[in-house]
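Visitor: Let me see the structure of the following:
(chains A and B)
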Amino acid sequence: MADDDGILSSLRYLFADLLGDDDDTPPFLPEGLPENLTSVVSEAIDLLIEYQSAGCARLYVDRLRRFIGRRGVDDAMLGDIARLMAGRMAYQDPIRIAQLKLAELDKAGAQGGSAEVIKFRLDELVEALPAVIAEPVLDALEWAGWVRKSRVSIRFSNRNRLGIRRLKIEAGLRRWRLFSVRYAKERAWVERWLHMIDRSLTKQPQAASAIVHTATMIKGHGEAYRQGLADWHAIIDGLAKPTFDGVLALSDLAGAIAEARAAMPDPRQATLKRKIAEIRARVPAG
Amino acid sequence: MDTSHLAEHAGAAGSFFASIFVVATLSMRTMIPLRVFGILTNIILIITAIPTHNYATLILHSVLLPLNAYRLHQMLQLVRDVKKSVNSDLSMEWLKPFMTERKCAAGEVLFYKDEKADSMFYIVSGRFRLVESGIELPVGAIVGELGMLSPSNARTQTLECVEAGVVLSVTYDQVEQLYVQNPAFGFYFLRLASARLFQNIGTLQEQLAQHTASTAAPKPA
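Guide: Model prediction:
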């Protein structure tokens, strides 16, 4: 009996939501991809399969395909989009850190081993849970005023058997990552970033590269991640989007973004917001 | 006269018939016959439970009977509404009972261009704009219904909320379930989607003809 017709495959389909995607066929490289970028994209596909699944790698290829052969996108820009998008799609959550710690052990062998204590924001941890659980918990935390104040330290150790077992359990939670609040937010962020690149290519092509590189503002986890994300939204909402909407007649968007980025990092965003207001004030009223 | 043996016989016969109907219900492939047989099973089990004083079964099936009847009514109404829509204004209002409400703040983006589509929206209130074309969608508009049938499943525009409002949304999975459960719905849904597609093609052809006429017209000296 063919595998597709079997009872097991029917059961797998029935419980697909709980078991995760069972289609593990890796995607092909997108058609028309320049020769010099095949290694970057192949590495990204491998990374995303290891990070989440073949489905996640397929989503990456689909997203990249939008820019292949597009007017205004040269090899260098496409390479940057490919590299930065893979980085953002494999965002660092506690599951990823557990995966990296296990990979470290594979490389170092049985002798090597280390422990790391990483501080997360409480909401960052809750957001890694499936939305059904996370949303009411986040509402309760918000109500209690604990969302921004609380930090939680988590120890990731591959020194002993117990630590490794724990890492394996944490890394195994990747099946449920796709249902998490964080995944939905990251997905929306990547789409917004790509949308801004797309609009820049139509409205102000010379600024497209600067928009692509704004992805480097968001890195890591914890406070640094939250700060980078808030700064990114401030720059996009304050400068890029109004320019594309035709509300702000900013002729040098790339220069304005570079100027605003120079005002970072600032935990309270006061300097950045002042700088954005200054740039906007300099633009002649339309 | 002792009638207890009559009640016993009625109970046994009722259980026998009910078993046949349970098997028949479970062997149905689509939702409408399944509900009809479910209702018949409920009725038989209620009738059987009265003389045998089986109150647990009586209560359970008295609850299940209106539930089955309501779901059957919903399904029949859905098919009727889709059929009516195909023959009149091509509206998709019939989907409203299956949709969930979502509040949108100004500036919120419901979906981006080229993003994989997974749901359709019905605008209840507020102002919504298709970013790339700059077209503002009126209240009552349905967005994303054709994405479900398109092979690439990709959004062709970005939808942004300009003024806070409410939309109703339904995922393609949910519509797919309705489609699979009910062949009549599936048939009329396909006809409706095709009719809307042809309507869009007609509008585009009209616009193209207008554009061609305006470019071909001699310019004043």
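Visitor: Can you classify B:M28 by secondary structure?
Guide: Here B:M28 is recorded as coil under DSSP: H, G, I helix; E, B strand; the rest coil.
Visitor: wait, I meant B:I123
Guide: strand.
Visitor: Please read off the pLDDT at it from the model.
Guide: B:I123 carries a pLDDT score of 89 in this model.
Visitor: again, but for the one 5 residues further on
Guide: We have a pLDDT of 93 for B:F128.
Visitor: neighbours of the residue nearest to it when sequence neighbours are not counted, just the number please.
Guide: Spatial nearest neighbour of B:F128, excluding adjacent residues (C-beta to C-beta, 6 or more residues apart in numbering or on different chains): B:L137 at 4.8 Å. From N, CA and C alone the C-beta is placed, and that goes for glycine too. Neighbours of B:L137 under the rule other C-beta atoms under 10 Å in any protein chain shown: 17.
Visitor: domain ranges for chain B?
Guide: According to automatic domain parsing, chain B comprises the domains B:4-87, B:93-190.
Visitor: And the longest one, end to end?
Guide: The straight-line separation of the ends of domain B:93-190 (C-alpha to C-alpha, to the nearest Å) is 16 Å.
Visitor: quick revisit: so the residue nearest to B:F128 makes contact with B:I123?
Guide: Yes. Using C-beta atoms under 8 Å, B:L137 makes contact with B:I123 at a distance of 5.8 Å.
Visitor: shared neighbours of those two, anything?
Guide: Contact criterion C-beta atoms under 8 Å, 6 or more residues apart in numbering or on different chains; residues shared by B:L137 and B:I123: B:V143.
Visitor: Show me where chain B has its helices.
Guide: Using DSSP state H, the helices of chain B run over B:4-26, B:31-49, B:55-87, B:172-181, B:183-216.
Visitor: Quick one: residues contacting the nearest residue to A:L173 once chain neighbours are set aside.
Guide: Computed as C-beta to C-beta, 6+ apart, the closest residue to A:L173 that is not its neighbour in sequence is A:I95, at 5.2 Å. By C-beta under 8 Å, 6+ apart, the contact list for A:I95 reads A:A128, A:E170, A:A171, A:L173, A:R174, A:R177.
Visitor: State the distance from the nearest residue to the fifth one once chain neighbours are set aside to chain B.
Guide: Ranked by C-beta to C-beta, 6+ apart and with sequence neighbours excluded, the top spatial neighbour of A:R174 is A:I95, at 5.2 Å. Note on A:I95: its distance to chain B, by C-beta to the nearest C-beta, to the nearest Å, is 23 Å.
Visitor: Could you do A:R83 as well?
Guide: In this view, A:R83 and chain B are 20 Å apart by C-beta to the nearest C-beta.
Visitor: and if you look at A:V181?
Guide: 16 Å.
Visitor: quick one: that residue and A:L129 touch, right?
Guide: Yes. Counting by C-beta under 8 Å, A:V181 touches A:L129, with 7.5 Å between them.
Visitor: beta partners for the nearest residue in space to B:A141 that is not next to it in sequence?
Guide: Residue nearest to B:A141 in three dimensions, not counting chain neighbours: B:I123, with 5.0 Å by C-beta to C-beta, 6+ apart. For B:I123, the beta-bridge partners are B:V167 (DSSP bridges).
Visitor: same thing with B:A154?
Guide: Per DSSP bridges, the residues bridged to B:A154 are B:K116.
Visitor: ok, the residue in the stretch 1-150 of chain A that chain B sits nearest to - contacts?
Guide: Per C-beta to the nearest C-beta, A:R66 is where the stretch 1-150 of chain A lies closest to chain B, at 5.0 Å. The contact partners of A:R66, by C-beta under 8 Å, 6+ apart, come to A:L194, A:D198, B:D114.
Visitor: Noted, bye for now.
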